[in-house]
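Enquirer: Got a predicted structure here, sequence first:
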Amino acid sequence: MNQPYRDGRRRVPSKLRRRNNPGIITTAIVLLWLIFPVGLYAAGERVPVQVLSRHYRLIRERGNGGVLFTFPAKSTLHNDGSGSSIPVRQLLLEYHEGWHVTMDGVTVSLPVRFRVRAANGNDVCTLQLEDQKRTYPLPIDLTVKKGNDPVTVITENARRYATDSAYAEYGKRGAKYREALAALAHVILARTRCITDNHPGHEYRFCDLTHCQVYRGRTGMPDLLIGDRWFIDHGALPGPLLFHSRCGGHTMDMGVFGAEKPGFAGVKDILYRTGRVLCVNGETDWERVLDAGQVENILRDAGLSRPAVNVKYDAGVPAVMLQKDDGWLRMAPETFRLKINRVKGWNFIRSNNYRLQMMEGADGPVLRFSGKGLGHNVGLCQHGALALAEAGYSRYEILEHYYRGVPLAGPGDGRGLSPYLAFMEFDMRTGKVRHESHPGLSGRWVPPGSLWKIMVTVYLLSERQDLVQGYLFTCRGNRHDEDDLPDRCWLPEGHGEMTLFPAVSNSCNMFFASLARKISYDDFNRFYASFCRRLGLLHYFPVIKKKRDWARRCAGLDFQVSLRVEDLVKVAMLVSGESSENEEVNRLRREMNPEGLAMLRRALAQTFTMGTAALPVHPAGPRCNWEPPVLLTGKMEQRPVDAGLWGKTSTVIDGTNLPLGYGMFLGGRDDRGVLVILRKGNGHLAAQWGRLILDGRLGE
């Protein structure tokens, strides 16, 4: 877990600032990065890292041990002092009554400072460290002075370092957790740009310990950021990018460290629609007891000359308040935690998320800590991020979950994927995933919104043929005096007279809401339960009691209803008309009116010609959500390119800890289907991305 401190002796938050007085070349590089951030990362921006310092310390404290480096053939050692350059294959650092250096069996006198390079300039060395074997990039710099532990520094490609650090922090995880690791890699990559004073006075900017980020050399794992064109804009951050192990339910701001500026606001680590807490398991809760006399001894240097009369903790401020005879002593929570942990052990007070009670014990007053989580509680919660990834959220959603308003910088050409775009392309005959924007999306639970109108139409085709052609409703844009309807339709002026299939194409909320007057809630529930059972759909379908709530559900405005993405795929297979390998889909089709299904497909095709997905593209929300479709469809006419294209749009309220507008689209062409989820978007824009995917133009 990340701790924002320089070292164990002087622990203060790292600052965010650019290097001072850059030269002409450095200035040019920074300008290029701001204009073309992806290009510079791809070109191999590098970061110096101190490695093995903890291992050297442990060997010294134990009194014996060593580290053996093995270099590739034709590697050379360059001595800074003499300027000499000689071949080297092995280098041994041993400790016995002091450090000793042996090069290819020859003892080297101290002090030494040298660099080992590979012949091809792009190779690695292996390291044998007791029972561990590691791989580090070359060149590698080594300094050994009498009386001091060795200092070993490598310089690594920033993206490679971000990936390997993320794996070192998390360990190897399954594919369903990839987005959590990628989100952390984005944070670490941005930190390599932000942090310039983690180790002031040294040639390296990071070390491999937890107060920077854990690093154990090359992991051999694939680049977590490959293909990404959007990165955290390090120059526009409101505060440091920190991360920790477990938040226990909520994160905190930089006030934890006594900082005047809060940086990123603390957030609830929940899924707001369900209230599910993400960071929770058997290791989350903890309790500790500390008597007031121990507090006095530990905090004596902070101004306590005798036990505190009272101790309070306000996590909202945040501050620990200790009452003395002459007033109150205010202390930053992390300062308080570290002072106690240096004496009692680093996991005594496990986090800054706790309640504090002062009570009378057998031998006097005691402090009782009841807490959750592990770490300082600021920034990204690694455990909660895993839960978000497992639930099907993307790396960018995870970043925005923990860093609200985090600035992103992308390509300046207006092309490429939006960071807010998620999609799954599937085989309409089998339902198998052909391609998805990120692992786990197929299992994500979503509110279907107006996609629910397809479900209501399927019910009508199966159970209420009298309403398919024979029901007419006039949508005026709002409910007027009809109290059982929603307040308004999405189209302010209304859709006018509507029958079922035009209402599908235009996604008329008022028409579908009015069906609640004609459809029995109980009958629909019986049909829907049977439908889900037969297709094997998992669903969340909460009970409602009010007529108006039933009308909202018929219109797709009840966002508590939830389905998995993979279950929406089965709905698309049912209405597509393509021959299916799913026998239950085929049976359901046979039981429904074939002519009615054909009319539904025509209505869904008209979504693109006269309905909610019709061109031109209407810009809304972040530029990255609409500019690529505008550029690629600006000259497109509604004719052959849309032949066979059909689908349904939806705009819903969803999100993680913050409700946001999401656009959705479910549709297909021939044997290809697609489901699109567009954060900070609407159904119209989601459909344009779906059009590009089905046209094979997404990468243009």
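Expert: Received the coordinates, thanks.

Enquirer: do you know how far the residue nearest the centre of the chain is from Ile677?
Expert: For the chain, the residue nearest the mean C-alpha position is Ile398 (2.1 Å; C-alpha atoms, centre = their mean). Counting by C-beta to C-beta, to the nearest Å, the gap from Ile398 to Ile677 is 15 Å. C-beta here means a position set from N, CA and C on the backbone, and glycine is covered the same way.

Enquirer: doesn't Ala180 make contact with the residue nearest to the centre of the chain?
Expert: Yes: using C-beta atoms under 8 Å, Ile398 makes contact with Ala180 at a distance of 6.3 Å.

Enquirer: before we move on, back to that, point me to the helix or strand that includes the closest residue to the residue nearest to the centre of the chain other than its chain neighbours.
Expert: Nearest residue to Ile398, sequence neighbours excluded (C-beta to C-beta, 6 or more residues apart in numbering): Ala183, at 4.0 Å. Using DSSP states H and E, Ala183 sits in helix 178-194.

Enquirer: Please write out the alpha-carbon positions of that helix in CSV.
Expert: C-alpha atoms of helix 178-194 as CSV (Å, rounded to 0.1, in the frame of the first residue of the first chain):
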residue,chain,number,x,y,z
ARG,A,178,-7.5,-6.4,-14.5
GLU,A,179,-9.2,-3.0,-14.4
ALA,A,180,-8.3,-2.5,-10.8
LEU,A,181,-4.6,-3.1,-11.6
ALA,A,182,-4.9,-0.9,-14.6
ALA,A,183,-6.4,1.9,-12.6
LEU,A,184,-3.6,1.7,-10.1
ALA,A,185,-1.0,1.6,-12.9
HIS,A,186,-2.5,4.9,-14.2
VAL,A,187,-2.1,6.4,-10.7
ILE,A,188,1.5,5.3,-10.4
LEU,A,189,2.3,6.5,-13.9
ALA,A,190,0.9,10.0,-13.0
ARG,A,191,2.9,9.9,-9.8
THR,A,192,6.1,9.5,-11.7
ARG,A,193,5.3,12.9,-13.3
CYS,A,194,4.0,14.6,-10.2
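
Enquirer: Name the surrounding residues that touch the following helix or strand past that helix.
Expert: Remark: after helix 178-194, the chain's next helix or strand is strand 206-207, criterion DSSP H and E. Strand 206-207 is touched from outside by 47-51, 53, 192, 195, 198-199, 212-213, 215, with contacts defined as C-beta atoms under 8 Å, 6 or more residues apart in numbering.

Enquirer: picking that back up, can you classify the residue nearest to the centre of the chain by secondary structure?
Expert: Following DSSP: H, G, I helix; E, B strand; the rest coil, Ile398 is assigned to helix.

Enquirer: so where do the helices sit in the stretch 101-250 of the chain?
Expert: Here the stretch 101-250 of the chain has its helices, by DSSP state H, counting those that start in this stretch, at 158-170, 178-194.

Enquirer: Export the contacts of strand 206-207 as TSV, with columns for distance to Ala385 and pLDDT.
Expert: Putting these into TSV (distance: C-beta to C-beta, whole Å; pLDDT from 0 to 100) gives the following:
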residue	distance to Ala385	pLDDT
Val47	22	94
Pro48	27	94
Val49	23	95
Gln50	27	95
Val51	25	96
Ser53	27	93
Thr192	19	93
Ile195	20	86
Asn198	23	82
His199	27	86
Cys212	19	86
Gln213	14	92
Tyr215	19	95
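
Enquirer: Any idea what the closest residue to Leu645 other than its chain neighbours is bridged to?
Expert: Leaving aside its chain neighbours, Leu645 sits nearest to Arg669 (4.9 Å; criterion: C-beta to C-beta, 6+ apart). On the basis of DSSP bridges, Arg669 is bridged to Arg672.

Enquirer: Please list all residues in contact with Arg669.
Expert: Going by C-beta under 8 Å, 6+ apart, the list of residues near Arg669 reads 644-646, 694.
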